[in-house]
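sequence unknown, structure follows:
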């Protein structure tokens with residue numbers, strides 16, 4: 001009889017040793033298709049060349065930057081209140097599904113974008129990005145309920161690794177039919193109509209919607225809804241909205257009692273500004289400096305597949321040197337990426353840039369998530385991850401906005417990309433002051449008090 005012990009040890013090392021952990025990670029697989037094809041690779045290029053094709057390249061980049069900002073602001077406003085509501089009503093998964101369906105519908109609607117329809121393209125992009133970001137708020141709030149404290153780093157990085165696999169596989173398929181549409185029975189060659197020429201990219205958007213919807217099913221079936229939490233001064237019959245607003249005010253006041261979590265959240269907000277700027281603006285920047293569409297998408301695909309082992313590797317590294325120190329490693333590499341991007345002129349250099357990003361992107365973000373999850377009380381995970389989402393979205397507001405403004409002031413994206421270093425320096429400096437053991441102790445004590453009779 002063959003022993004199952006070695007595979008079990010491997011799954012344990014990867015953070016995938018229980019069914020609910022694997023099911024949870026599958027949502028990263030599902031939603032990452034939107035993050036790769038829509039946020040990072042195909043849609044930004046499509047937006048600049050087709051939807052905003054009648055505008056100057058710098059003006060198109062500004063439109064894209066502002067659309068990203070609007071989406072982030074909307075989620076930042078809604079997330080904390082909906083997080084408190086989800087905790088009280090035990091509705092984390094229902095809110096996740098709601099945002100997911102909005103995102104899926106908006107992504108599918110991208111099929112109908114024609115040349116010059118920059119406003120329509122911006123609207124569906126805002127809704128697609130908002131659906132993905134909103135659903136991730138509730139997805140991440142499930143993490144403290146399915147993973148033990150000593151599993152958090154591995155499970156979080158496993159989710160990002162699954163995301164790299166899922167997003168990378170679909171992006172590879174999208175790249176194949178965009179680069180060689182005739183092999184897939186799509187219109188190819190010269191003398192195509194505008195609709196025929198853009199059909200491969202528009203079908204890529206539909207494929208993302210289907211992928212996102214179908215691969216969300218394992219998480220919805222395999223991850224249980226955390227139990228409803230009712231504070232001592234609340235009644236189950238109270239208005240859910242009244243409770244949500246009350247809890248929101250209480251959590252704002254209570255943040256003073258979770259100083260380490262709050263400081264980690266602030267640090268993350270700032271350095272995530274830099275990360276999100278690089279993710280969202282890389283293809284636009286590459287297009288502006290003359291790198292071809294095929295090279296851009298292939299390089300972004302390279303990020304995905306390099307990110308798979310590197311995300312798992314960051315989880316293991318955190319087990320040896322700690323999550324906080326591992327994040328510092330990632331931020332140092334990111335600062336170097338900005339300097340390299342400032343001088344970049346060729347497709348070969350863009351590929352080198354992609355390799356560097358793939359080394360640190362997933363691991364840095366995953367460990368930021370698990371670091372925060374270990375320093376918050378489980379019984380208020382929805383509320384706290386609602387605030388985490390606010391800070392995360394502000395980390396997606398200032399960077400692209402500053403990027404767009406810098407383009408307007410200087411007329412070049414090169415100065416804008418170099419200025420991103422400041423986000424990594426300031427965010428890293430704040431992270432240095434986070435006392436992780438103290439933060440974990442405060443969270444466990446709060447859970448103990450909540451469970452006390």
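Thanks, I have the structure now. If you're wondering where the values come from, they're calculated on a predicted model, not measured in any experiment. Residues are numbered from 1 along each chain as shown.

What residues does residue 382 make contact with?
83-87, 92, 138, 141 (Cβ atoms under 8 Å, 6 or more residues apart in numbering). For glycine as for every other residue, the C-beta is placed from the backbone atoms N, C-alpha and C.

taking those residues one by one, which sit in helices?
Those of these mapping onto helices are 83-87, 92, 138, 141, per DSSP state H.

can you list the contacts of residue 382 in CSV and add neighbour count, pLDDT and distance to residue 132?
Formatted as CSV, the contacts of residue 382 follow (neighbours: other Cβ atoms under 10 Å; pLDDT from 0 to 100; distance: Cβ to Cβ, whole Å):
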residue, neighbour count, pLDDT, distance to residue 132
83, 30, 75, 17
84, 27, 71, 21
85, 22, 74, 20
86, 28, 75, 17
87, 29, 72, 22
92, 26, 86, 16
138, 28, 88, 12
141, 29, 84, 15
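
I'd like these laid out as CSV, including distance to residue 340.
Shown next, in CSV, are the contacts of residue 382 (distance: Cβ to Cβ, whole Å):
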residue, distance to residue 340
83, 38
84, 42
85, 44
86, 41
87, 43
92, 40
138, 36
141, 36
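
Which one of these is nearest to residue 155?
residue 141 (13.8 Å; Cβ to Cβ).

so what's that closest one closest to, chain neighbours aside?
residue 385 (3.8 Å; Cβ to Cβ, 6 or more residues apart in numbering).

my guess is that neighbour meets residue 145, correct?
No - applying Cβ atoms under 8 Å as the test, residue 385 and residue 145 come out as separate, 10.9 Å apart.

So these two - more neighbours on which side?
Taking other Cβ atoms under 10 Å, residue 385 and residue 145 do not tie; residue 385 has more neighbours (30 against 19).

and residue 440, how far is that from residue 375?
6 Å (Cβ to Cβ, to the nearest Å).

Counting neighbours, go ahead and name the busier of the two.
More crowded of residue 440 and residue 375, by other Cβ under 10 Å: residue 375, with 27 against 17.

tell me the contacts of the more buried one?
258, 260-261, 264, 436, 439-440, 442-443.

repeat that for 10 Å
Counting by Cβ atoms under 10 Å, 6 or more residues apart in numbering, residue 375 makes contact with 258-265, 384, 434-444.

Let me know the helix or strand that it is in.
For residue 375, there is no helix or strand it lies in under DSSP states H and E.

Name the nearest residue to it, sequence neighbours excluded.
Leaving aside its sequence neighbours, residue 375 is closest to residue 439 (3.4 Å, by Cβ to Cβ, 6+ apart).

pretty sure the one you found contacts residue 371?
Yes - Residue 439 is in contact with residue 371 according to Cβ atoms under 10 Å; the separation is 8.5 Å.

Look at the two and report which has more neighbours.
With neighbours defined as other Cβ under 10 Å, residue 439 and residue 371 compare such that residue 371 has more, 29 against 21.

What score does the more buried one have for pLDDT?
The per-residue pLDDT reported for residue 371 equals 91.

And the one 10 residues further on, by the same measure?
You'll see residue 381 listed with a pLDDT of 77.

ok, how many other residues are close to it?
Neighbours of residue 381 (other Cβ under 10 Å): 25.

Sticking with it, tell me its helix or strand.
helix 381-394.

Following element in sequence after that helix, please.
helix 398-410.

Counting neighbours, which bits of that next one end up buried?
398-404, 406-407 (16 or more other Cβ atoms under 10 Å).

what packs against it?
helix 57-89, helix 259-288, helix 413-419, helix 421-431 (3 or more Cβ pairs under 10 Å, 6 or more residues apart in numbering; DSSP states H and E).

before we move on, back to that, which members of the contacts of residue 375 are classed as buried?
Members of the contacts of residue 375 classed as buried by 16+ other Cβ under 10 Å are 258-265, 384, 434, 436, 439-440, 442-443.

now, which of the residues you listed sits nearest residue 100?
residue 384 (21.2 Å).

pLDDT value on residue 101, please?
Value for residue 101, per-residue pLDDT: 96.

Might you list the low-confidence residue ranges for the stretch 51-200 of the chain?
Applying pLDDT under 70 to the stretch 51-200 of the chain flags residues 88.

what about the strands in it?
Secondary structure of the stretch 51-200 of the chain (DSSP state E, counting those that start in this stretch): no strands present.

before we move on, back to that, tell me who's in contact with the residue nearest to residue 375.
Counted by Cβ under 10 Å, 6+ apart, residue 439 has contacts 258-264, 371-372, 374-376.

swap the cut-off to 7 Å and go again
258, 260-261, 264, 375 (Cβ atoms under 7 Å, 6 or more residues apart in numbering).

Could you identify the most distant pair in those residues?
It's 258 and 264 that sit farthest apart of the contacts of residue 439, by Cβ to Cβ, at 9.5 Å.

For the nearest residue to residue 333 once chain neighbours are set aside, report the pLDDT, please.
Spatial nearest neighbour of residue 333, excluding adjacent residues (Cβ to Cβ, 6+ apart): residue 360 at 4.6 Å. You'll see residue 360 listed with a pLDDT of 89.

One more: residue 287?
73.

How about the one 5 residues further on?
The predicted structure scores residue 292 at 77 on the pLDDT scale.

try residue 247
The model's pLDDT for residue 247 equals 64.

What of residue 407?
71.

now swap in residue 30 and tell me
At residue 30, pLDDT is 95.

same check, this time on the one 4 residues further on
Per-residue confidence (pLDDT) for residue 34: 90.

Is it in contact with residue 103, as I believe?
Yes - in this structure, residue 34 is within contact of residue 103 by Cβ atoms under 7 Å, at 6.4 Å.

who touches both of those two?
128, 132, 212.

Including neighbour count, could those go into JSON lines?
Converted to JSON lines, the shared contacts of residue 34 and residue 103 look like this (neighbours: other Cβ atoms under 10 Å):
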{"residue": "128", "neighbour count": "28"}
{"residue": "132", "neighbour count": "27"}
{"residue": "212", "neighbour count": "31"}
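
can you put those residues in CSV and add distance to residue 180?
Output for those, formatted as CSV (distance: Cβ to Cβ, whole Å):
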residue, distance to residue 180
128, 26
132, 28
212, 25
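
with those residues in mind, which one is nearest to residue 167?
residue 212 (10.3 Å).

and the closest one, what is it in contact with?
30-31, 33-34, 100, 103-104, 107.

out of these, which are inside helices?
Those of the contacts of residue 212 lying in helices (DSSP H): 30-31, 33, 100, 103-104, 107.

can you count the residues close to residue 112?
12.

before we move on, what about the one 5 residues further on?
Other residues near residue 117 number 17, with proximity taken as other Cβ under 10 Å.
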